[in-house]
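Q: Could you look at this predicted model? Sequence included:
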Amino acid sequence: MSDPLLHIEGLRVEVEGREILKGLDLTLDKGEIHAIMGPNGSGKSTLAYVLTGRPGYEVTAGKIAYNGENILDLAPDERAQKGIFLAFQYPTEVPGVSVVNFMRTAYNATHPDDQKSAMQFRMYLQEKIDLLEIPTELVDRYVNQGFSGGEKKRNEILQMAVLQPQLAVMDETDSGLDIDALKHVSAGVNKLANDEVGILLITHYQRLLNYIRPDKVHVLMAGRIVRTGGFDLAERLEAEGYAGIAAELGLTDEEIAELRSAEAKV
């Protein structure tokens, strides 16, 4: 039996001495889409950053195995070369660097055995643009400079299409999107979902899951996954909010606020 794509066991993470993740367990296989839902301060973005190796997050216990390999000692670029991708909640502007040059550099850095010339890459990129129905002129602009919220997120999906990761971590991809932009971005994710990629969707709201149906929905609160279910769990959260589950766990507003404060500091 092959190893799961991603296996997290007993993960505990501190930020500036405060514990954010408190024994998180999660297993994701290739071909699966899992949604992580939870209120602000629950540890969702911390999980995304720890998976991709962002500095400032101290793993104090537990393990993260990716294709059976412990990745905790790998640098962010080494994880990217192994096929781990992060779509940011707030994509950064990179003035003076065009999208096409940025993506070619990223592709060649993560695919050392398949270096592409400028012409080869432009042809490859055009295939992805056509697949996702993205305006061609977008890639000739500077990375995210002057982009609308929808354009930034569609650019992230284009990066995912170009890099072809095995594990795509999508940190609140629906943040700041109107309904039309949400439909475009969701359609792009659905086109890229296949048996060779595992997708971890991080979101507050059910609305994203109306367009990208997950195989499993996990509720992350107080630093650990406290509920796992199907789409009906997301519907419950939309109807009732997180207060009911917080009450079941015995969490106070002060405890949730403390987690939110700690996570926001990094």
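A: Ah, there it is. Numbers count the residues shown, from 1 in each chain.
Q: can you map out the strands along the stretch 1-150 of the chain?
A: Along the stretch 1-150 of the chain, counting by DSSP state E, counting those that start in this stretch, strands occupy 6-15, 18-28, 33-37, 58-66, 69-70, 84-87, 94-98, 142-143.
Q: who does the longest one pair up with?
A: Within its sheet, strand 18-28 is paired with strand 6-15 (antiparallel), according to DSSP bridges.
Q: Would you mind getting the angle between the partner strand and strand 58-66?
A: Direction vectors for strand 6-15 and strand 58-66, defined by axes from the mean of the first three to the mean of the last three CA atoms, to 10 degrees, enclose an angle of 170 degrees.
Q: Go through strand 6-15 and flag the buried ones.
A: Of the residues in strand 6-15, those buried by neighbour count under the rule 16 or more other CB atoms under 10 Å are Leu6, His7, Ile8, Leu11, Arg12, Val13, Glu14, Val15. Heads up, the C-betas are built off the backbone N, CA and C, glycines and all.
Q: My read is that the fifth one contacts Ile64, right?
A: Think Arg12. No - under the criterion of CB atoms under 8 Å, Arg12 is not in contact with Ile64, lying 11.6 Å apart.
Q: Overlap in contacts, the two.
A: Shared between the contact lists of Arg12 and Ile64 (criterion: CB atoms under 8 Å, 6 or more residues apart in numbering) there are no residues.
Q: what sits against Leu131?
A: For Leu131, the residues meeting the contact criterion (CB under 8 Å, 6+ apart) are Ala161, Lys191.
Q: what's the distance between it and Gly188?
A: Relative to Gly188, Leu131 is positioned 8 Å away (criterion: CB to CB, to the nearest Å).
Q: what residues are shared contacts of the two?
A: Shared contacts of Leu131 and Gly188 (CB under 8 Å, 6+ apart): Ala161.
Q: Just the C-alphas of stretch 182-194, formatted as CSV.
A: What follows is the C-alpha trace of stretch 182-194 in CSV, where atoms were taken according to Å, rounded to 0.1, in the frame of the first residue of the first chain:
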residue,chain,number,x,y,z
LEU,A,182,-15.5,33.4,-7.4
LYS,A,183,-17.1,31.4,-10.2
HIS,A,184,-14.1,32.0,-12.5
VAL,A,185,-11.6,31.0,-9.9
SER,A,186,-13.6,27.9,-8.8
ALA,A,187,-14.0,26.8,-12.4
GLY,A,188,-10.2,27.0,-12.8
VAL,A,189,-9.6,24.9,-9.7
ASN,A,190,-12.1,22.3,-10.9
LYS,A,191,-10.3,22.1,-14.2
LEU,A,192,-7.0,21.4,-12.5
ALA,A,193,-8.3,18.9,-10.0
ASN,A,194,-7.3,15.3,-11.0
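Q: Quick check: closest non-adjacent residue to Gln206.
A: Glu238 (3.9 Å; CB to CB, 6 or more residues apart in numbering).
Q: circling back: out of the strands of the stretch 1-150 of the chain, which comes closest to Lys44?
A: strand 33-37 (5.5 Å; CB to CB).
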